[in-house]
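1. Need the 3D shape of this:
(2 chains)
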There are 2 protein chains.
Amino acid sequence: MAKVLLIILDGVADRALPELNGKTPLEAADTPTFDELAKEGINGIFYAIAPGIPPGSDTGHLAILGYDPIKVYTGRGVFEAAGVGIELKPGDVAFRGNLATVDENLTVLDRRAGRITEGTHELAAALSSIKLETAPDVEVIVKEATEHRVAVVFRGPSLSHRVSDTDPHKVGAKILECQPLEDSPQAQRTAQIVNEFMKRSHEILSSHPVNIQRAKEGKPPANIVLLRGPSIAMTIPSIEQRFSVKSAAIAAVALVRGVCKIAGMTTVEVPGADGSIYSKIENKGAAAVELLKTYDLVLIHIKGPDEASHDGDLEGKIKIIERADRMVSKMLDKIDAKLYLAITGDHATPLRVGDHTGDLVPLLIHGPGIIPDEVDEFCERAAMKGGLGQVRGLDLLPILLNYAGKMKKFGA
Amino acid sequence: MAKVLLIILDGVADRALPELNGKTPLEAADTPTFDELAKEGINGIFYAIAPGIPPGSDTGHLAILGYDPIKVYTGRGVFEAAGVGIELKPGDVAFRGNLATVDENLTVLDRRAGRITEGTHELAAALSSIKLETAPDVEVIVKEATEHRVAVVFRGPSLSHRVSDTDPHKVGAKILECQPLEDSPQAQRTAQIVNEFMKRSHEILSSHPVNIQRAKEGKPPANIVLLRGPSIAMTIPSIEQRFSVKSAAIAAVALVRGVCKIAGMTTVEVPGADGSIYSKIENKGAAAVELLKTYDLVLIHIKGPDEASHDGDLEGKIKIIERADRMVSKMLDKIDAKLYLAITGDHATPLRVGDHTGDLVPLLIHGPGIIPDEVDEFCERAAMKGGLGQVRGLDLLPILLNYAGKMKKFGA
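-> Numbers count the residues shown, from 1 in each chain, chains lettered A, B, ... in the order given. Below you'll find the predicted structure:
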């Protein structure tokens, strides 16, 4: 049975850079493996969402996995929560949270509580034990992510994500009261629940042993959780339900992992792979080779090019692209199965912009029987001549699964 | 007045074949006429439905004729029924049926009643006379197709296609009871009607003179009709209503003819044209030349390339493509009118796959005033460089009718 491997080089696409004599980082990078694959395969220009629309990491991956983000995206919270391992149920309302420091007037002194790293598991566990007085039918679930980050989920009937943040998004401001953003009993109830949670969490955290210890060490206490990005968990059909394929994803970034989990993919974390430009992506490659023995579709997400672009690090961006090229080369030596391999990005992150843009992204697809086009290099410029023309995120899985013989005929 | 001729080479597109040194059958075929038309015309890659989606013969042609199959397709039955000449009305529920042989316990002995050929008209007529006891307001219409195949239509108020097959789809199994697939009075009523039809048709067929004769000849009796693929006839605007053009189609395959009929096209069968690779397609060409004198838009459907692909017959596929090339050459000698000619396929049917796929299909459009692109050959690879880029089924008629001056301005 043919397998599908999809490699997402986050933010890989860029613009013509004067310091590279008008080349892009992808053109400047030495990528013999990618170039040979592009030459033997078919190419195109790729927009995860649509031309000119800068995708987020969540909406971009949703679209790549075949879910129209315009229809299913309500905010980042649910994907963050799924990414840190909370098993969401439809109707759950999820927030991203920061463990932060406030004074006695609830004015924010430090939005990250001194970038707290230790004791966050205990703090999150203490918050998860909260029984709300205003809504005894609602369960509170809090789980720590990296450093000061937490995910906060409210589970119960009649909740809404149409409420405002409590995070004032700046130091020196008081925490905000959560307000309903629409005139519905669900939004009013949820705002009330959130406000009780803010009060109760402040009380519980203020006297928590972790913070008493921090005080002794002269560190700012993590005495509140600032909430932002509310969203609601929806019922969406899994990739297996839609295409009858078993799929797995390897991603270091919790947000991307969360999208993959919500799509029903098995998600795998790999030692030493941390989403940075120094990430041990070779370990991702090796893990993917193993996964391809049992899964039909494996996605590898490589965050490095986006990280480097956000940091304006041209050299770093080129290096991580070259390392990804070597990773793919090693993988191909070890995969025996009939393989359809796609390499693309979820969006461009031009170095000069330092953020996601809606520019075109190169896409290559390689595998047996594919009719090659004239493209002989993996880069933005060459991809413009690609035989696939313009491809959008929602079409990518059908194209790949079609080559692999896994698309069912529509009609008779 | 400019005319439009649309030639659908069913399943013509393929993949790179090792036995052709990486060429496709279309590249290997000697097609001087197609190549010259491609050179003088404009080209593109075509997906009847969308990239990666393998179209059926019905959904593919629906899309080509400008009907979104996702919106209008409920199953194959209505198109088969229309294809064998039943004039459908909105709300009719149509099944495909097999004349089959069952024993006294209604266990299937032969799903095709020995591939019965004679007497099917009489059997169908006998079934059409059934007056249902459970639904006196419902008319039963049965019409024979080729060999053991029949179309069965139930016409009356409050029917639903959301019911299950009675065909167990295998020998040695009992016929299935028809079940409603949704909780509606329409589906329940239809299931009851179908179950009465099964019982009554078995009684009528068992004692029918055709079967008494078959028994004498030692042939299995056609003593039941196995039903599958229920669908409901919808009200869809005809091509003439949508574009104010008179259109006709020449297709040997009943399913395709049915789609064209439902689109309001005049359908024509041609002697000796049988959908095989030996089909007298020259007669189709000659018939189309005549039709173009009175119709604005003529579609010719050529089934051979798909047939050959399903059979894994590489030589046959190349041959029928070459014969289609000669057919077009002869036609062009005889057409005086200003002509816009399009040649494409409804989908790929790669020989190595042996079934429809969602791969790209070449499209060429030729006619006066069209600005030629760089393509100088009619094949998948060359089409990737086509000036039209990617074209989807729903856009094809507007593109063609626009060249022919028959598209109305949208707006002022």
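2. Quick check: the closest residue to chain B within the stretch 101-250 of chain A vs B:L88, distance?
-> Chain B sits closest to A:F243 of the stretch 101-250 of chain A, with a gap of 10.5 Å, by Cβ to the nearest Cβ. Every C-beta, even on glycine, is put in place using the N, C-alpha and C of the backbone. With distances taken as Cβ to Cβ, to the nearest Å, A:F243 is found 33 Å from B:L88.
3. near chain B, which residues of the stretch 301-412 of chain A show up?
-> Residues of the stretch 301-412 of chain A lying close to chain B (Cβ under 8 Å from any Cβ of the partner chain) are A:369-374, A:385-391, A:395, A:397-403, A:405, A:407-412.
4. more neighbours, A:F243 and B:L88?
-> The residue with more neighbours, out of A:F243 and B:L88, is B:L88; 23 against 20, by other Cβ atoms under 10 Å in any protein chain shown.
5. give the contact list for A:T190.
-> By Cβ atoms under 8 Å, 6 or more residues apart in numbering or on different chains, the residues touching A:T190 are A:93, A:154, A:159-163, A:178, A:180, A:230.
6. 6 Å instead?
-> A:159-160, A:163 (Cβ atoms under 6 Å, 6 or more residues apart in numbering or on different chains).
7. Filter these down to just the ones in strands.
-> Among those, none falls in strands (DSSP state E).
8. Quick one: which of these is the most crowded by neighbours?
-> Most surrounded of those: other Cβ under 10 Å gives A:V163, at 26 neighbours.
9. what does stretch A:282-291 contact?
-> A:248, A:250, A:268, A:270, A:272-273, A:298, A:300, A:327, A:330-331, A:334-335.
10. Likewise for stretch A:369-377?
-> By Cβ under 6 Å, 6+ apart, stretch A:369-377 touches A:35, A:38-43, A:382, A:385-387, B:15-16, B:380-381, B:384.
11. List the buried residues for that stretch?
-> Neighbour counts over stretch A:369-377 (16 or more other Cβ atoms under 10 Å in any protein chain shown) mark A:369-373, A:375, A:377 as buried.
12. so who does the residue nearest to A:G119 when sequence neighbours are not counted touch?
-> In space, and not counting its chain neighbours, A:G119 is closest to A:V210: 3.5 Å by Cβ to Cβ, 6 or more residues apart in numbering or on different chains. By Cβ under 6 Å, 6+ apart, A:V210 lies in contact with A:119, A:122-123.
13. Whichever of these end up buried, select them in PyMOL.
-> To isolate the buried members of the contacts of A:V210 in PyMOL, using 16+ other Cβ under 10 Å:
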select buried, chain A and resi 119+123
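14. what pLDDT does the residue minimising distance to the centre of chain A get?
-> Per Cα atoms, centre = their mean, the C-alpha nearest to the average position across chain A is that of A:V256, at 2.1 Å. The score at A:V256 is 96. That number is its pLDDT.
15. Now name the helix or strand holding A:L6.
-> Using DSSP states H and E, A:L6 sits within strand A:3-9.
16. I'd like the distance between the closest residue to A:E269 other than its chain neighbours and A:V298.
-> Counting by Cβ to Cβ, 6+ apart, A:A252 is the residue found nearest to A:E269 once chain neighbours are left out, at 6.8 Å. Distance of A:A252 to A:V298, computed by Cβ to Cβ: 15 Å.
17. who's in contact with stretch A:348-358?
-> A:11, A:13-15, A:52-54, A:306, A:309-310, A:312, A:314, A:347, A:359, A:361.
18. any idea which of those residues is closest to chain B?
-> A:V361 (16.2 Å).
19. so the closest one touches A:V12, yeah?
-> No: using Cβ atoms under 6 Å as the test, A:V361 is too far from A:V12 to be in contact (7.0 Å).
20. where do the contact lists of these two overlap?
-> Joint contacts of A:V361 and A:V12 (Cβ under 6 Å, 6+ apart) are A:G345.
21. Pick out whichever of those two has more residues nearby.
-> Using other Cβ under 10 Å as the criterion, A:V361 and A:V12 rank with A:V12 on top: 33 against 28.
22. you'd agree the more buried one is up against A:P305?
-> Yes: using Cβ under 6 Å, A:V12 is in contact with A:P305, at 4.4 Å.
23. for stretch A:82-97, which positions count as buried?
-> Counting neighbours by 16+ other Cβ under 10 Å, stretch A:82-97 gives A:82-84, A:86, A:88, A:91-97 as buried.
24. Restricted to strands, list those residues.
-> Short answer: the buried residues of stretch A:82-97 in strands (DSSP E) are A:93-97.
25. For stretch A:401-412, buried residues please.
-> In stretch A:401-412, counting by 16+ other Cβ under 10 Å, buried: A:401-407, A:409-412.
26. Stretch A:289-305 now?
-> Those would be A:289, A:291-292, A:295-305, for stretch A:289-305 by 16+ other Cβ under 10 Å.
27. Equivalent analysis for stretch A:259-279, please.
-> Within stretch A:259-279, the residues scored as buried using 16+ other Cβ under 10 Å are A:259-265, A:267-268, A:270, A:273-275, A:277, A:279.
28. Could you do stretch A:375-385 as well?
-> Quick answer for stretch A:375-385 (16+ other Cβ under 10 Å): A:375, A:377-383, A:385.
29. and which of those residues is nearest A:L205?
-> A:E380 (48.2 Å; Cβ to Cβ).
30. just checking, the closest one touches A:P362?
-> Yes: between A:E380 and A:P362 a contact is recorded at 5.4 Å, counting by Cβ under 6 Å.
31. Nearest residue to the residue in the stretch 51-200 of chain A positioned nearest to chain B in space, ignoring adjacent ones along the chain?
-> Proximity of the stretch 51-200 of chain A to chain B (Cβ to the nearest Cβ) peaks at A:G66, 10.3 Å away. Nearest-residue entry for A:G66: A:L397, 4.8 Å, with adjacent residues in sequence omitted and distances by Cβ to Cβ, 6+ apart.
32. one step back: okay if I get the buried residues of stretch A:289-305 as JSON lines plus pLDDT and secondary structure?
-> Shown next, in JSON lines, are the buried residues of stretch A:289-305 (pLDDT from 0 to 100; DSSP: H, G, I helix; E, B strand; the rest coil):
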{"residue": "A:V289", "pLDDT": "98", "secondary structure": "helix"}
{"residue": "A:L291", "pLDDT": "98", "secondary structure": "helix"}
{"residue": "A:L292", "pLDDT": "98", "secondary structure": "coil"}
{"residue": "A:Y295", "pLDDT": "98", "secondary structure": "coil"}
{"residue": "A:D296", "pLDDT": "98", "secondary structure": "coil"}
{"residue": "A:L297", "pLDDT": "98", "secondary structure": "strand"}
{"residue": "A:V298", "pLDDT": "98", "secondary structure": "strand"}
{"residue": "A:L299", "pLDDT": "98", "secondary structure": "strand"}
{"residue": "A:I300", "pLDDT": "98", "secondary structure": "strand"}
{"residue": "A:H301", "pLDDT": "97", "secondary structure": "strand"}
{"residue": "A:I302", "pLDDT": "97", "secondary structure": "strand"}
{"residue": "A:K303", "pLDDT": "96", "secondary structure": "coil"}
{"residue": "A:G304", "pLDDT": "96", "secondary structure": "helix"}
{"residue": "A:P305", "pLDDT": "97", "secondary structure": "helix"}
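33. Which residues are in contact with A:I318?
-> So A:I318 contacts A:25, A:28-29 (Cβ under 6 Å, 6+ apart).
34. Just the helices from the stretch 201-350 of chain A, written as ranges.
-> Listed in chain order, the helices of the stretch 201-350 of chain A (DSSP state H, counting those that start in this stretch) span A:209-216, A:239-243, A:254-262, A:281-291, A:304-310, A:314-334.
35. ok so, going back, of the contacts of A:I318, which ones also sit close to chain B?
-> Checked against chain B using Cβ under 6 Å from any Cβ of the partner chain, these yield no neighbours at all.
36. can you redo the residues you listed as JSON lines with pLDDT?
-> Below are the contacts of A:I318 laid out as JSON lines (pLDDT from 0 to 100):
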{"residue": "A:P25", "pLDDT": "98"}
{"residue": "A:A28", "pLDDT": "98"}
{"residue": "A:A29", "pLDDT": "98"}
